[in-house]
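> sequence plus predicted model, see below.
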Amino acid sequence: MPNILDMELGKTAHVVINKLCKIKPGESVLITLDGPQEFRIAEEIAKAAQAADAKVMVAWHSTPPGYGKVGDPYLPDPLKVSIPNTDVWIELNNQWLLYSTPWDIAMKPAAEGKGRVRYLFLGGLNADQIVRCVGKIDIDTQAKFQDMLVDMTQKGRKMRITTPAGTDVSFENGPTRYVTNELFADKPGPHFLLGQIGWAPIEESINGTIVYDGSYSGGGEADLGVLKNPIKVTVKEGKAIDFAGGIEAEAVKRWLQKLNDPNMYLAAHVCYGFNPGARLSGLCTEDERVWGSTEWGFGHQGPMFRAKNITAVSHADGICLNSSVWIDGQQIMDKGKVVHPELAKLAKKLGKE
């Protein structure tokens, strides 16, 4: 019996395998997912990979209680071995393997130009979400938009971000730091759902207030989803020194105290959200890409940023909606709307006025 969105999901799987991952005949493809994840997504992607003459394995495994290294003791040994020994790894997990020890082992060589694994993170997406955020996107126009904004950000030095909810944070970019362009997963290293651009500012230069008013994902009891009350984070020289905002902020403070890792308070990265199909849902994978948002991550810092490589037991991400952004004094976004003339033309073509 057909399921809802079956045909759309088939097309989306084709886009993942052939347009994003650019699978070659004979390559090994590992697809991972845990108990809460919708299995038919893995099934459709596996079929598309098989049709591309790849060697395919789907690893359906038990769910760890948290992500990052919190989950390490709960991962099956065969999974730990498989992850660094494949050409392409597509992660669908609801409780992410991102920033776990097997992830580190697979990803670190890529930062040195020696990597094998092309990793695409699509964690937790259901059929509707992956169809909206991948299958229905004009990939060519999206690539032009992201390439232009990545170039502008890479060249920028002084930045400021504000939001109507109260975010007002300034920082500096380092000339040797890498700005990730999340779209294609055709080179070794970490890649994520399209529509996100991320980088690690010079950590000590990050000062001000970050107000999460979209959603918050911290793993475990700090996986808060869509926020009823904003979380106000005061940041001084790249370190979170205060959390305010009601029961959600208290939950974050308790979780951080439980993890007992001072590096969890360190700012790891900032990102733009620009996926035309993304909606605020409570799933960080989608929420980070809500059009016109910015996202701040704290804790473990991936090697792809070519920054300090902060190591921490886990990672946390929060979403700031309707962001205004200035790069070296030039305004790029105003309350979530793209105002840079050339970028605005591409945004309109993507359905975002």
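Arrived safely. Numbers count the residues shown, from 1 in each chain.
> list the contacts for Thr163?
211, 213, 294, 320-324, 335 (Cβ atoms under 8 Å, 6 or more residues apart in numbering). To be clear about C-beta, it is placed using only N, CA and C from the backbone, and glycine gets the same treatment.
> tell me the one of those residues nearest Asn229?
Checking those against Asn229 by Cβ to Cβ gives Asp213 as the nearest, at 9.0 Å.
> tell me how far that closest one lies from Ile206.
Using Cβ to Cβ, to the nearest Å, one gets 19 Å for the distance from Asp213 to Ile206.
> returning to what we had before: would you list the buried entries among the contacts of Thr163?
Buried subset of those (neighbour count, 16 or more other Cβ atoms under 10 Å): 211, 213, 294, 320-324.
> from those residues, which land in strands?
211, 294, 320, 324 (DSSP state E).
> name the residues of the lowest-mean-pLDDT helix or strand in the chain that are buried.
Ranked by mean pLDDT, DSSP states H and E, the weakest helix or strand in the chain is helix 101-111, scoring a mean of 91. Buried residues in helix 101-111, counted by 16+ other Cβ under 10 Å: 101-104, 106-111.
> pull the residues that contact it.
Contact with helix 101-111 is made by 69, 72, 75, 79-80, 83-84, 89, 97, 115-117, 119, 187-190, 302-304, 306, as judged by Cβ under 8 Å, 6+ apart.
> below-threshold pLDDT in the protein: ranges please.
Applying pLDDT under 70 to the chain flags no residue at all.
> which stretches of it form helices?
Counting by DSSP state H, the chain has helices at residues 6-14, 39-51, 77-82, 101-111, 127-130, 139-155, 247-259, 284-287, 341-349.
> could those helices go into a markdown table alongside distance to Ile231?
Listed next are those as a markdown table, based on distance: least, Cβ to Cβ, whole Å:
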| stretch | distance to Ile231 |
| --- | --- |
| helix 6-14 | 33 |
| helix 39-51 | 31 |
| helix 77-82 | 33 |
| helix 101-111 | 26 |
| helix 127-130 | 24 |
| helix 139-155 | 25 |
| helix 247-259 | 5 |
| helix 284-287 | 14 |
| helix 341-349 | 28 |
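> so which of those helices is nearest Ala312?
helix 247-259 (8.2 Å).
> next, the buried residues of that closest one.
The neighbour-count check on helix 247-259 (16+ other Cβ under 10 Å) flags 248-249, 251-252, 255-256, 259 as buried.
> packing partners of that helix?
Under the contact criterion of 3 or more Cβ pairs under 8 Å, 6 or more residues apart in numbering; DSSP states H and E, helix 247-259 touches strand 223-226, strand 231-236, strand 239-244.
> dump it to PDB, keeping only the CA atoms.
Extracted C-alpha coordinates of helix 247-259, given in PDB (Å, rounded to 0.1, in the frame of the first residue of the first chain):
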ATOM      1  CA  ILE A 247      11.700  27.300  33.200                       C
ATOM      2  CA  GLU A 248      13.600  26.800  29.900                       C
ATOM      3  CA  ALA A 249      16.600  28.700  31.100                       C
ATOM      4  CA  GLU A 250      16.600  26.800  34.300                       C
ATOM      5  CA  ALA A 251      16.500  23.500  32.500                       C
ATOM      6  CA  VAL A 252      19.500  24.500  30.400                       C
ATOM      7  CA  LYS A 253      21.400  25.500  33.600                       C
ATOM      8  CA  ARG A 254      20.600  22.100  35.300                       C
ATOM      9  CA  TRP A 255      21.700  20.200  32.200                       C
ATOM     10  CA  LEU A 256      25.000  22.000  31.900                       C
ATOM     11  CA  GLN A 257      25.700  21.500  35.600                       C
ATOM     12  CA  LYS A 258      24.900  17.800  35.200                       C
ATOM     13  CA  LEU A 259      27.400  17.500  32.200                       C
END
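> isn't Ile45 up against Ala13?
Yes - between Ile45 and Ala13 there is a contact under Cβ atoms under 8 Å: 4.6 Å.
> the more surrounded of the two?
Ile45 (28 against 23; other Cβ atoms under 10 Å).
> next up, the contacts around the more buried one.
13, 16-17, 31, 90, 92.
> from the residues you listed, which is closest to Val339?
Of those, the one sitting nearest to Val339 (Cβ to Cβ) turns out to be Val16, at 32.2 Å.
> Ala278 versus the closest one, what's the distance?
Separation of Val16 from Ala278 (Cβ to Cβ) stands at 16 Å.
> do the same with Ala307
26 Å.
> try Lys69
Lys69 is 28 Å from Ala278, by Cβ to Cβ.
> same question, Leu149
Distance, Leu149 to Ala278, using Cβ to Cβ: 16 Å.
> okay, domains of this protein per the record?
6-134, 139-178+198-349 (automatic domain parsing).
> mind checking the end-to-end distance for the longest one?
With Cα to Cα, to the nearest Å as the measure, the ends of domain 139-178+198-349 fall 11 Å from one another.
> then the shortest one?
With Cα to Cα as the measure, the first residue of domain 6-134 is 15 Å from its last.
> cool, and stretch 202-210?
End to end - Cα to Cα - stretch 202-210 spans 16 Å.
> what of stretch 46-60?
End-to-end span of stretch 46-60 (Cα to Cα): 12 Å.
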